[in-house]
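S.K.: Got a sequence here, can you build the structure:
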Amino acid sequence: MKLPEWNKLPNKWIEGQGLCEFKWGKGAGADNLAGLMVLTVILNHCAPDTGIARLTYDELTEVTSLSRALLARGLDVLASSNLIERKPDGRSSYRVGNYDPNGGWAKFPARGLYVRGRVAAFANFQLRQRAELDAMKLYFLFASRRDRQSNMALLGYDKIEEYSGVSREHIKRGLTLLGANSLIHVEYVRNAMGNERTASAYRLVHLHSRQHMGTSGRSADPLEVSRA
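M.R.: This is a model prediction of the structure:
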């Protein structure tokens, strides 16, 4: 299956602070991380008109680099959170929860995430550190908050913490992991006070790659691009 550049991410649950429910804790952190990894792949492969993806267990383990046990627990997390529906169209099928092709979604990178049929970043995940879960939560939040005109998400740490549940002291590690795996670029724009200080904005690497600060310039007004 040839993947599109992007697919549709229903984001009402993100704007409703649903990412905060994906916590790092004893016995749950790896399962929650696996859930977001599996959701990424299901989103990437779903049909744009129905939100249904057809993927076998073997395909999911290969693409996500997860063991079958972690895959099963990740799917349980997604189903219990109503982020997916199992078997909507027979065996090995999954429907993205609350999927409406006509609205209520954000663009989510697909094709560029893959190298030789696998999500490249996931092959580097060990599922033993909180920073990996934090990174995935930030990634979903930035996708939800991406401004179409600037192709960036402009969010301060307070809003990041509020909507992702990633505490301030852990945000930087999550950002570093995203950057190291070529998932985001951090850009700098004028802050809302209009002085010489800058604010950070976050651009998803594999989404509209030609639309960036080098092509749009540094004159973007953060008051216009921010949705916080």
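S.K.: Pick out the residue closest to the middle of this structure.
M.R.: Phe140 (2.7 Å; CA atoms, centre = their mean).
S.K.: ok, now which ones touch it?
M.R.: For Phe140, the contact set (CB atoms under 8 Å, 6 or more residues apart in numbering) comprises 9, 14, 19, 36, 164. No exception for glycine: its C-beta is placed from N, CA and C like everyone else's.
S.K.: Same question for Arg95.
M.R.: Contacts for Arg95 were tallied using CB under 8 Å, 6+ apart; they are 46, 50-53, 84-85, 88-89.
S.K.: Then Ala135?
M.R.: Applying CB under 8 Å, 6+ apart to Ala135 gives the contacts 174-175, 177-178, 181, 183.
S.K.: Let's have those in TSV, adding neighbour count and secondary structure.
M.R.: As requested, the contacts of Ala135 are arranged in TSV below (neighbours: other CB atoms under 10 Å; DSSP: H, G, I helix; E, B strand; the rest coil):
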residue	neighbour count	secondary structure
Gly174	23	helix
Leu175	22	helix
Leu177	23	helix
Leu178	24	helix
Asn181	20	coil
Leu183	24	coil
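S.K.: Ser200: which of these is nearest?
M.R.: Comparing these against Ser200 with CB to CB places Leu175 closest, at 8.6 Å.
S.K.: coming back round to it: which members of the contacts of Phe140 occur in strands, if any?
M.R.: Leu9 (DSSP state E).
S.K.: Show me just the buried residues among the contacts of Phe140.
M.R.: Neighbour-count burial (16 or more other CB atoms under 10 Å) is assigned, among the contacts of Phe140, to 9, 14, 19, 36, 164.
S.K.: List just the nearest of those to Asn102.
M.R.: The closest of the buried ones among the contacts of Phe140, once distances to Asn102 are taken by CB to CB, is Leu9, at 14.4 Å.
S.K.: what helix or strand does the closest residue to Leu33 other than its chain neighbours sit in?
M.R.: Setting aside the residues directly before and after it, Leu33 is nearest to Leu133 in space (CB to CB, 6 or more residues apart in numbering), at 4.3 Å. Assigned by DSSP states H and E, Leu133 falls within helix 130-145.
S.K.: related to what we said a few turns ago, now pLDDT too, for the contacts of Phe140, in JSON lines please.
M.R.: JSON lines is the format used below for the contacts of Phe140 (pLDDT from 0 to 100):
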{"residue": "Leu9", "pLDDT": "98"}
{"residue": "Ile14", "pLDDT": "98"}
{"residue": "Leu19", "pLDDT": "98"}
{"residue": "Leu36", "pLDDT": "98"}
{"residue": "Ser164", "pLDDT": "98"}
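S.K.: need the contacts of Phe140 in a markdown table with distance to Phe122, can you?
M.R.: Listed next are those as a markdown table, based on distance: CB to CB, whole Å:
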| residue | distance to Phe122 |
| --- | --- |
| Leu9 | 17 |
| Ile14 | 20 |
| Leu19 | 18 |
| Leu36 | 10 |
| Ser164 | 19 |
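S.K.: For the contacts of Phe140, work out which two are farthest apart.
M.R.: Across these (CB to CB), the longest gap, 14.7 Å, separates Leu9 and Ser164.
S.K.: Asn124: which of the contacts of Phe140 is nearest?
M.R.: Closest to Asn124 out of the contacts of Phe140 is Leu36 (15.1 Å), distances taken as CB to CB.
S.K.: Run through this structure and note the low-pLDDT ranges.
M.R.: Regions of the chain meeting the criterion pLDDT under 70 cover residues 191-198, 210-228.
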